[in-house]
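Trainee: Build the 3D model from these lines:
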Amino acid sequence: MGNSVTLLANVRVFATYPHNCSYLAGEQATTLFVDPSTPIDARIYSQLSYIGFRRSGPHLYRPHCAACNACVPARVPVEAFAPNRSQRRILARNADLEARVVESINSDAHFALYSRYIEQRHRDGDMYPPDREQYDSFLTREWGSTSFVEFRAAGRLLAVAVMDRLENGLSAIYTYYEPAEEKRSLGSFVILWQIERARALALPAVYLGYWIRNCRKMNYKTRFRPIELLANGHWVRVD
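Mentor: Residues are numbered from 1 along each chain as shown. Got it, this is the predicted structure:
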């Protein structure tokens, strides 16, 4: 832990002004951002992730709200995880999918899939309506840690995952998928794939971002058990 403190001692952060919360109606949010001029490498990024920071595009951030602590960092401990019956069915339904790491997701086909996903699943979110410039700036490759993974069935693009390799795990940055393929449960399948990928790489965890108890869209994260939640600076396992 001493090395972690030393590594992060010179990392400057700034707080935003309070703004409307993206997840809980009627709440005000404040966000800490790492100074964009701070030199970041894989080790510092990993330690920031360990204490609850998250990446969006080139920015590292963490909620820092005065009157609310609803955003709880969540991660899956890989070695302890075993898929339940429902998750095994999801794996079976998607056994025909081929996963492939690609250099870029900036094509018209990738953006068209992203657009369908946002328009049909996230019309109430910050990324609606889908915008090509925002897409390019959000799903960037940072610090040599990012991979883009396509999932295809018989050549047809069905899902894309953006994930970062940390020293202490994989960070699931974002996933978008074909909304018409609802029976496949593609969002859950990609998380299951990332857990197995982390296991193959001998990485201990898959970071899932923030879990919010009263946000319906976040409920899926706690279906992956055991899960670890960051509370008072410690990762606490919930079976």
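Trainee: So which residues of this structure form strands?
Mentor: 13-15, 19-20, 28-29, 31-34, 54-56, 59-63, 72-77, 98-102, 146-153, 156-166, 169-177, 205-211, 227-231, 234-238 (DSSP state E).
Trainee: what residues does the fourth one touch?
Mentor: Residues external to strand 31-34 that are found in contact with it (C-beta atoms under 8 Å, 6 or more residues apart in numbering): 11-16, 19, 40, 48, 53, 59-64. Every residue, glycine included, has its C-beta placed from N, CA and C.
Trainee: List the buried residues for it?
Mentor: Buried residues in strand 31-34, counted by 16 or more other C-beta atoms under 10 Å: Thr31, Phe33, Val34.
Trainee: avg pLDDT for that strand?
Mentor: Computed over strand 31-34, the mean pLDDT rounds to 96.
Trainee: Would you quantify the distance from Tyr114 to Gln47?
Mentor: From Tyr114 across to Gln47, the span is 31 Å (C-beta to C-beta, to the nearest Å).
Trainee: How many residues are close by Tyr117?
Mentor: When neighbours are counted by other C-beta atoms under 10 Å, Tyr117 registers 21.
Trainee: Please read the previous query as pertaining to Glu150.
Mentor: Counted with other C-beta under 10 Å, Glu150 comes out at 19.
Trainee: Pull the distance from stretch 53-64 to the chain's centre.
Mentor: Remark: stretch 53-64 is offset 11 Å from the chain centroid, using C-alpha atoms, centre = their mean, to the nearest Å.
Trainee: Report the separation between the two terminal residues of it.
Mentor: For stretch 53-64, the first-to-last residue distance is 11 Å (C-alpha to C-alpha, to the nearest Å).
Trainee: Likewise for stretch 150-160?
Mentor: Start-to-end, stretch 150-160 (C-alpha to C-alpha) is 5 Å.
Trainee: Kindly report the same for stretch 48-63.
Mentor: The first and final residues of stretch 48-63 sit 13 Å from each other (C-alpha to C-alpha).
Trainee: Quick check: buried residues in that stretch?
Mentor: By 16+ other C-beta under 10 Å, the buried positions in stretch 48-63 come out as 48-50, 52-56, 59-63.
Trainee: The protein - how does it break down into domains?
Mentor: 2-70, 74-238 (automatic domain parsing).
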